[in-house]
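[1] Please find the sequence and the predicted model below.
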Amino acid sequence: DAKTTQPNSMESNEEEPVHLPCNHSTISGTDYIHWYRQLPSQGPEYVIHGLTSNVNNRMASLAIAEDRKSSTLILHRATLRDAAVYYCILVTYGGSQGNLIFGKGTKLSVKP
Amino acid sequence: DTGVSQDPRHKITKRGQNVTFRCDPISEHNRLYWYRQTLGQGPEFLTYFQNEAQLEKSRLLSDRFSAERPKGSFSTLEIQRTEQGDSAMYLCASSLAEGTNEQYFGPGTRLTVT
């Protein structure tokens, strides 16, 4: 699986938008961009994924660069509950290798 | 609750003892994964099953570790002759084999080896 690069940490104020960047310059055509987050003392939680087009769901939005070498997870209004480690992971569609390769992620702190 | 469950949530054991953890995946999911996570690190893959077949094992999975999924439903992870370096959070996840493999994680089992 190709590697991703994320900042180690970011801070946000409550009720403000948060943009979490991820670089994946060696992404291949069959790689989906997945985001997971891990709240303190919990297992990781699936957030969103996309291939080429921007995606929205109830948790977040995913903006994917036209060349697909970077993406941004957008939390529209951060809450204290969004404080977590966010992982950007590339997943090969239809690949026989099923495991996720986690980096260190971005630790998001949300200030009241 | 139809999510992934793990049992026990916490386990304290003495070095040299054997421990076994259980994972119950989401019922319709045919893939099941085990990961290990130490403090400050992201989860590391250990092994995964599709139905009852163990399809991949990480080099992290030493001879002391064994995993089973006998009927393609729940899975167990056993660690024999535990060492202090085995202290970690053991996470289980499940997914469907088809599609883009979104994985759903359980709460984990925290193992402390004294």
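    Yep, it's here. Residues are numbered from 1 along each chain as shown, chains lettered A, B, ... in the order given.
[2] which secondary structure element contains the most centrally placed residue in chain A?
    Nearest to the centroid of the C-alpha atoms of chain A, with distances taken as Cα atoms, centre = their mean, sits residue A:35, at 3.4 Å. Following DSSP states H and E, one finds residue A:35 within strand A:31-38.
[3] tell me which strands and helices that strand is in contact with?
    When contacts are defined as 3 or more Cβ pairs under 8 Å, 6 or more residues apart in numbering or on different chains; DSSP states H and E, strand A:31-38 packs onto strand A:45-50, strand A:61-64, strand A:84-92. In short, each C-beta sits where N, CA and C put it, glycine included.
[4] could these go into a markdown table alongside distance to residue B:62, mean pLDDT and mean neighbour count?
    Formatted as a markdown table, those follow (distance: least, Cβ to Cβ, whole Å; pLDDT from 0 to 100; neighbours: other Cβ atoms under 10 Å in any protein chain shown):
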| stretch | distance to residue B:62 | mean pLDDT | mean neighbour count |
| --- | --- | --- | --- |
| strand A:45-50 | 29 | 95 | 19 |
| strand A:61-64 | 37 | 97 | 19 |
| strand A:84-92 | 25 | 93 | 22 |
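[5] I'd like those strands laid out as a markdown table, including distance to chain B.
    What follows is those, written out as a markdown table (distance: least, Cβ to the nearest Cβ, whole Å):
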| stretch | distance to chain B |
| --- | --- |
| strand A:45-50 | 5 |
| strand A:61-64 | 13 |
| strand A:84-92 | 6 |
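[6] Could you give me the buried positions within the helix or strand harbouring residue B:77?
    Residue B:77 belongs to strand B:75-79 when elements are defined using DSSP H and E. Judged by neighbour count (16 or more other Cβ atoms under 10 Å in any protein chain shown), strand B:75-79 contains these buried residues: B:75, B:77, B:79.
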